[in-house]
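Peer 1: take this sequence and fold it.
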Amino acid sequence: MPRTPLPPITETLEQLRQRLQAERHAERKRRLHMLLLFKEDPTRTREAVAQHLAVHRNTIGRWLRRYARGGLEALLSIERRGPKPGQRTVPRPVYVAIQKRLRQPEGFAGYKQLQQWIYEAFGLEVPYKSVYNLVRYHLGAKLKVPRPVHPKKSLAEAAAFAARLGRRLQSIAAFAAEHCRVRLFFEDEARIGLHLPRYRRLTARGVVVRQPWEPRSCFYWLYAAVEPRSGETFYLEMPSLDAGCFSVFLREFGRCYRDSLNVLVLDNAAAHRARSVEVPENVVLLFLPAYSPEPSPVERLWRAIRARLDVFDERVRSQLEALRAHVAEIVRGLRAVEVSRLTRYDYILAALNAL
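Peer 2: As a prediction, the model looks like this:
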């Protein structure tokens, strides 16, 4: 079979060398290198050039045909691989169905279960890797540990609290003195002790992470009141969680913000509801629905503090005073803008805008 003649290479050797030296794209460099090899020695075979560039001879033939049709510009145009923009690994209706299903709280036990659900619901056999990439990177979903929910919790009451918060703030502000500023805080307590958590660590493959650990019962309580709008936070260390300590916290909190009427949103802990609790005149307690801590953004503040604990420090793990000093340093390092970003829920902003 006669050999297909080479297309005429119109560029000079010097032009090809300069273009090859300036090119940074690896694929384009190989194509330019092919032209340079044929320009230097037109008697070279396609097999020899393919071997030199570590490609198949059919690839050389395809590149030469592109050059013959459109010249250097056509040769150096890199075709886009993969799906078209906006295209999914599954049909659009299936993609929407997966999106909707992942918004349900029960979710899936894993990617294998989702893969099986797609097959049973739509008859599609989607590879595991495609399911993983679609869910993890396109939809931004991932496996999560379920949060325990009390069987008596009412989702309707939690939603109603968020919807009514703005009106309740307006009612409180109506009875406040004209010169008195109304501020909204959220309060919670965290028990911090030497029984420190064990977090995941990023290490090289095969490296086993070891953290010294032994059960210890020494702890203290950290009380916090957070204003989501400004990120301002009031902390107080206490030995326990009871009505007496809570009264002390309220008294010191009221003194700190004596020039405003402070609405303090908190949960229904027994220490908060006790009859012996002494509430200052400039503090109004507003209770969350029963068994519903989720509307309180202080939970995210506790997670941010615990994530910064140096659990590998020997003194922090063994001495309560060292742990208290370590936590105090973490608290002082939290900027107001960061706290505000953590605690500024949309429903809280909407309620504050109603004032």
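Peer 1: for residue 210, see how far away residue 203 is.
Peer 2: 11 Å (C-beta to C-beta, to the nearest Å). All C-beta atoms are positioned from the backbone trio N, CA, C, and that covers glycine.
Peer 1: sorry, that was for residue 332
Peer 2: Computed as C-beta to C-beta, the residue 332 to residue 210 distance reads 30 Å.
Peer 1: show me the strands in this protein, by range?
Peer 2: Along the chain, the segments classed as strands by DSSP state E run 181-193, 219-227, 232-238, 260-266, 283-287.
Peer 1: any buried residues in the third one, and which?
Peer 2: Of the residues in strand 232-238, those buried by neighbour count under the rule 16 or more other C-beta atoms under 10 Å are 232, 233, 234, 236, 238.
Peer 1: which among the residues you listed gets closest to residue 351?
Peer 2: Nearest to residue 351 out of the buried residues of strand 232-238 is residue 232 (C-beta to C-beta; 17.3 Å).
Peer 1: pLDDT (mean, whole number) over stretch 332-341?
Peer 2: Averaging pLDDT along stretch 332-341 yields 94.
Peer 1: scratch that, stretch 256-273 is what I was asking about
Peer 2: Mean predicted confidence for stretch 256-273 is 94.
Peer 1: quick revisit: just put the strands of the chain in CSV and tack on distance to residue 39.
Peer 2: Listed next are the strands of the chain as CSV, based on distance: least, C-beta to C-beta, whole Å:
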stretch, distance to residue 39
strand 181-193, 73
strand 219-227, 71
strand 232-238, 71
strand 260-266, 77
strand 283-287, 81
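Peer 1: to residue 351, which of these lies closest?
Peer 2: Comparing the strands of the chain under C-beta to C-beta, the one sitting nearest is strand 181-193, at 7.2 Å.
Peer 1: flag the shaky bits of the chain, pLDDT-wise.
Peer 2: For the chain, the stretches flagged by pLDDT under 70 are 1-3, 79-89, 147, 149, 177-179, 197, 199, 212-215.
Peer 1: swap the cut-off to 50 and go again
Peer 2: Counting by pLDDT under 50, the ranges of the chain that qualify are 1.
Peer 1: just want the most central residue of it.
Peer 2: Against the mean C-alpha coordinate of the chain, by C-alpha atoms, centre = their mean, the closest residue is residue 140 at 9.1 Å.
Peer 1: rewinding a little: out of the buried residues of strand 232-238, who's nearest residue 322?
Peer 2: Using C-beta to C-beta, the buried residues of strand 232-238 come closest to residue 322 at residue 238, 18.6 Å.
Peer 1: the residue nearest to that closest one when sequence neighbours are not counted and residue 52, how far apart?
Peer 2: Spatial nearest neighbour of residue 238, excluding adjacent residues (C-beta to C-beta, 6 or more residues apart in numbering): residue 245 at 4.2 Å. Shown here: residue 245 relative to residue 52, a distance of 80 Å by C-beta to C-beta.
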